[in-house]
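*Asks:* I need the structure of the sequence given here:
(chains A, B, C and D)
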Number of protein chains: 2
Amino acid sequence: MADKRETPLSNPSLKGHHCSVDLRLEKLGMVPFFQDLPEAELREVNKKFTANHYTRGETIYRQGDPSTMLRVVVAGNVKLVSHTSEGQSVLLDMLQPGEFFGNPAASGKEVYNETAETQTAACVLSIRLRDFRDVMNRYASVAMSVLDITTDRLQESRQRIRHLSTLPVKKRLAYILVTLANKFGEKDRQGLLIQLPLSRKDLADMAGTSTETTSRIMSQFQDDDLITSGRQWVAVKDKPELLRISAES
Amino acid sequence: MADKRETPLSNPSLKGHHCSVDLRLEKLGMVPFFQDLPEAELREVNKKFTANHYTRGETIYRQGDPSTMLRVVVAGNVKLVSHTSEGQSVLLDMLQPGEFFGNPAASGKEVYNETAETQTAACVLSIRLRDFRDVMNRYASVAMSVLDITTDRLQESRQRIRHLSTLPVKKRLAYILVTLANKFGEKDRQGLLIQLPLSRKDLADMAGTSTETTSRIMSQFQDDDLITSGRQWVAVKDKPELLRISAES
DNA sequence: CGGTATTTTGATTTAGCTCAACAGACGTGG
DNA sequence: CCACGTCTGTTGAGCTAAATCAAAATACCG
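*Replies:* Below you'll find the predicted structure:
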């Protein structure tokens, strides 16, 4: 409605995600659950990973595919989406470099319950599930770290159930914006710019609502000077107020 | 409306939950994540647990309490409920003997995000979080098993998010009844009797809806001969049809 | 047998969905 | 670099599932 300039995201499609061997090893050491692994072991584990590069919007695996690999985002962003038979979609998670996805458990012939798709160009490492379980069995610190992350995700997931069950859309959206700003926000002249292509549809699929309703509420937030937003991007201008809205009685 | 007889649940309040030392050790061996532990180790671990007995409706811990213990249900049932500031409640999980609750991760000064309350008289074992983490560090099989269970719970939780986001109340309730029948159902002349005091409010808090709506839909199911139900109990008569309803387009 | 908690049913209201049309933004090829 | 076509986002109008409010009916408890 007001001053929408060019997309302020740092060129999302061209960042050099080489997936080179150097990058791989360097990044692997930064993955939370390999932090405590000694250099030598890390080098050993690194061998078991395969690197893959994807352009924006590519599908890494589909809901229903047999779950045989565990993957780690090295660069770029990946989203996990669950699709219903009616063609609706639910955005389950939005991943950053360092985060893993695919089932760490399911020691056997399970299938993925969601589709993994790149949100930006991305580099992803894969390890056979069996190999990863060997690593976890050998190094307790890795298993514990994966458990901690999974527990956190369960907590977030339950938080979201609580929100879907009890909060109106406006509050849910306010909360989602705060969360995204915390995770992906970068200081900017607009405020906290969410460094990620983010459409109204994406937000709607996170909040469990329609794009139209999302658009209306985003316009409201914009009018109230809480956010700035354009096509596929959002910047949070007043996080405290959004947080207040999400929690107010 | 039709033939509601006395509560068919096997006397829920009086079952002998002694929480004796014998019972403890026996039951501990049955807990999924201690299955692979050798007898001697199990005996060792057993010492670190404290047993507690609760009557129906007692609170084990409250949302916001510091999370210092990990607990295991030995007998009876425990429910995890999250409360909002407006006094609404969301029923997150309904636990059986053998299941654990409380945060297995959160190595430090976290708090519980939900309240744990007994649904029937129950016997519960507690271990200090620190001690449990020692056990997980020592025995990879325990850590892996806890990870597997947590991963399963995350999947269920995401399934529920999908349902809350995309399905109308009737389908959500149909699915919940199927799930409960699978977990707590016992063959009976009524069909699959859900062996657990289960009010309309409980069902509503699971489905993210109001008791009134729940009651209306349950009446419908009863009219369609899919369930039989009375005060605080439900029996599933036609599980396949309920499943079909939950998934139909 | 009376009292309390649960469940049912009815009437009304409403948040958010759906359908529909339009308007900006992007990028693409001429 | 401009014109066009295609996505993405906005706005409006009506509709509907489910919430809320209200009251009666039923089951269980001592």
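*Asks:* tell me which helix or strand the spatially most central residue of chain A sits in.
*Replies:* Closest residue to the average C-alpha location of chain A: A:Met94 at 1.7 Å, with Cα atoms, centre = their mean. Using DSSP states H and E, A:Met94 sits within strand A:89-95.
*Asks:* close to chain B, is that strand?
*Replies:* Yes: using Cβ under 8 Å from any Cβ of the partner chain, strand A:89-95 comes into contact with chain B via A:Val90, A:Leu92. For the C-beta atoms, the positions are set from N, CA and C on the backbone; glycine is no exception.
*Asks:* who does the helix or strand following that strand pair up with?
*Replies:* Using DSSP H and E, the helix or strand that follows strand A:89-95 in sequence is strand A:100-101. When pairing is defined by DSSP bridges, strand A:100-101 lines up against strand A:69-75 (antiparallel).
*Asks:* which pLDDT value goes with the nearest residue to A:Met218 once chain neighbours are set aside?
*Replies:* Spatial nearest neighbour of A:Met218, excluding adjacent residues (Cβ to Cβ, 6 or more residues apart in numbering or on different chains): A:Ser229 at 6.1 Å. A:Ser229 is assigned a predicted lDDT (pLDDT) of 95.
*Asks:* the helix or strand where A:Ser229 lies and DNA strand D, any residue contact?
*Replies:* In the assignment (DSSP H and E), A:Ser229 maps to strand A:227-230. Yes: residues of strand A:227-230 contacting DNA strand D under Cβ under 7 Å from any atom of the strand: A:Ser229.
*Asks:* what about the closest residue to A:Thr50 other than its chain neighbours, neighbour count?
*Replies:* With Cβ to Cβ, 6+ apart as the criterion, A:Thr50 has its nearest non-adjacent residue at 5.0 Å, and that residue is A:Ser126. Close neighbours of A:Ser126, defined as other Cβ atoms under 10 Å in any protein chain shown, add up to 19.
*Asks:* for A:Ser126, list each beta-bridge partner.
*Replies:* A:Thr50, A:Arg71.
*Asks:* is it true that it touches A:Lys48?
*Replies:* No: counting by Cβ atoms under 8 Å, A:Ser126 does not reach A:Lys48; the two are 9.4 Å apart.
*Asks:* how about the closest residue to A:Asn103 other than its chain neighbours, what does it touch?
*Replies:* Of all residues not flanking A:Asn103 in the chain, A:Ser67 sits nearest, at 4.9 Å (Cβ to Cβ, 6+ apart). Each residue near A:Ser67 by Cβ atoms under 8 Å, 6 or more residues apart in numbering or on different chains is listed here: A:Gly102, A:Asn103, A:Ala106, A:Glu110, A:Val111, A:Tyr112, A:Leu129.
*Asks:* from A:Glu156, how far off is the residue lying closest to the fourth one once chain neighbours are set aside?
*Replies:* For A:Glu110, ignoring the flanking residues on the chain, the nearest one in space by Cβ to Cβ, 6+ apart is A:Ser67 at 4.7 Å. Separation of A:Ser67 from A:Glu156 (Cβ to Cβ, to the nearest Å): 21 Å.
*Asks:* before we move on, what about A:Ser89?
*Replies:* 19 Å.
*Asks:* what about these two, which has more around it?
*Replies:* A:Ser89 (19 against 15).
*Asks:* what ranges do the strands span in chain A?
*Replies:* If DSSP state E is used as the criterion, the strands of chain A fall at A:50-54, A:59-61, A:69-75, A:78-83, A:89-95, A:100-101, A:115-118, A:122-128, A:185-188, A:191-194, A:227-230, A:233-236.
*Asks:* make CSV out of these and add distance to A:Arg43.
*Replies:* As requested, the strands of chain A are exported to CSV (distance: least, Cβ to Cβ, whole Å):
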stretch, distance to A:Arg43
strand A:50-54, 15
strand A:59-61, 26
strand A:69-75, 16
strand A:78-83, 25
strand A:89-95, 25
strand A:100-101, 19
strand A:115-118, 27
strand A:122-128, 14
strand A:185-188, 33
strand A:191-194, 36
strand A:227-230, 44
strand A:233-236, 39
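*Asks:* out of these, flag the one nearest A:Asp202.
*Replies:* Closest of the strands of chain A to A:Asp202 is strand A:89-95, at 6.0 Å (criterion: Cβ to Cβ).
*Asks:* so what's the model's average confidence on stretch A:178-188?
*Replies:* Per-residue scores along stretch A:178-188 average to 96.
*Asks:* fine by me, thanks again.
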